[in-house]
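Undergrad: no letters, just coordinates:
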């Protein structure tokens, strides 16, 4: 299959200093890949480079057939890339419904499609984002991405600050996007076991380099290898 997200020999970082080094990674249509690793391993840097926010210092990165370059975020969004950053990037004074309309869910069917996947938002449509709980805000951030009908989706720490039960409900939404809607999903996740439970494949970064990868079901059985990947020398 043709990769929707493809990285070859990627070096990426800030101020010309690489945080991610020599990374090879691919995500195909209808596939969910978990990007794992300790804090500072380069996971968020990878997503920021793929979305055109940070520079690709060396190597090649392509999303939906287009070469990724710094500043190309609008072009990538038009092609069908959506990015859910760790910071929720909401407007506190706007309601949930207004957020969804701004993101593209202007018609009732479009709005209902998002609410079917994230039903907690339905009774909150008239509530301002600044009055939502952390979990509700996180689901709204995901809903904004879904409203754009993405073909490729980058998700950074969806579970950050959320209760385990909510994490168990949200991560399968990403699995459904990949396996039922055909979206290529690359997610950064701190809850390793939960991520491996829904992902097709996983890649582990440490110190900006790929140190372990494989089918998620296999990595679930390789506990010692996972521990070694996390406990080795750290990165940025």
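TA: Yep, it's here. In this text the structure is predicted, and so the values were computed from the model without any measurement.
Undergrad: so what's residue 222 up against?
TA: Residue 222 sits next to residue 214 when contact means CB atoms under 8 Å, 6 or more residues apart in numbering. Backbone N, C-alpha and C define where each C-beta goes, glycine included.
Undergrad: next, give phi and psi for it.
TA: Comment: the main-chain dihedrals of residue 222 come out as phi -110, psi 60, following degrees, to the nearest 10.
Undergrad: now swap in residue 206 and tell me
TA: Torsion angles, degrees, to the nearest 10, at residue 206: phi -150, psi 130.
Undergrad: partner residues bridging it?
TA: In this structure, residue 206 bridges to residue 209 when assessed by DSSP bridges.
Undergrad: isn't it right up against residue 35?
TA: No: in terms of CB atoms under 8 Å, residue 206 does not count as a neighbour of residue 35; the distance is 11.9 Å.
Undergrad: looking at the two, which has the bigger crowd around it?
TA: Taking other CB atoms under 10 Å, residue 206 and residue 35 do not tie; residue 35 has more neighbours (28 against 22).
Undergrad: which residue ranges form the strands in the protein?
TA: The residue ranges that make up the strands of the chain, judged by DSSP state E, are 3-14, 17-28, 32-36, 55-63, 66-67, 81-84, 152-156, 184-188, 201-206, 209-215.
Undergrad: next, the angle strand 152-156 makes with the fourth one.
TA: If I follow you right, that is strand 55-63. 130 degrees (axes from the mean of the first three to the mean of the last three CA atoms, to 10 degrees).
Undergrad: so what are the sheet partners of strand 55-63 and their directions?
TA: Here strand 55-63 has these sheet partners by DSSP bridges: strand 3-14 (antiparallel), strand 66-67 (antiparallel).
Undergrad: that older thread, turn the strands of the chain into a markdown table, including distance to residue 132 and mean pLDDT.
TA: Supplementary listing: the strands of the chain in a markdown table, determined by distance: least, CB to CB, whole Å; pLDDT from 0 to 100:
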| stretch | distance to residue 132 | mean pLDDT |
| --- | --- | --- |
| strand 3-14 | 30 | 96 |
| strand 17-28 | 30 | 97 |
| strand 32-36 | 26 | 98 |
| strand 55-63 | 30 | 96 |
| strand 66-67 | 34 | 95 |
| strand 81-84 | 16 | 97 |
| strand 152-156 | 19 | 98 |
| strand 184-188 | 22 | 98 |
| strand 201-206 | 31 | 97 |
| strand 209-215 | 36 | 97 |
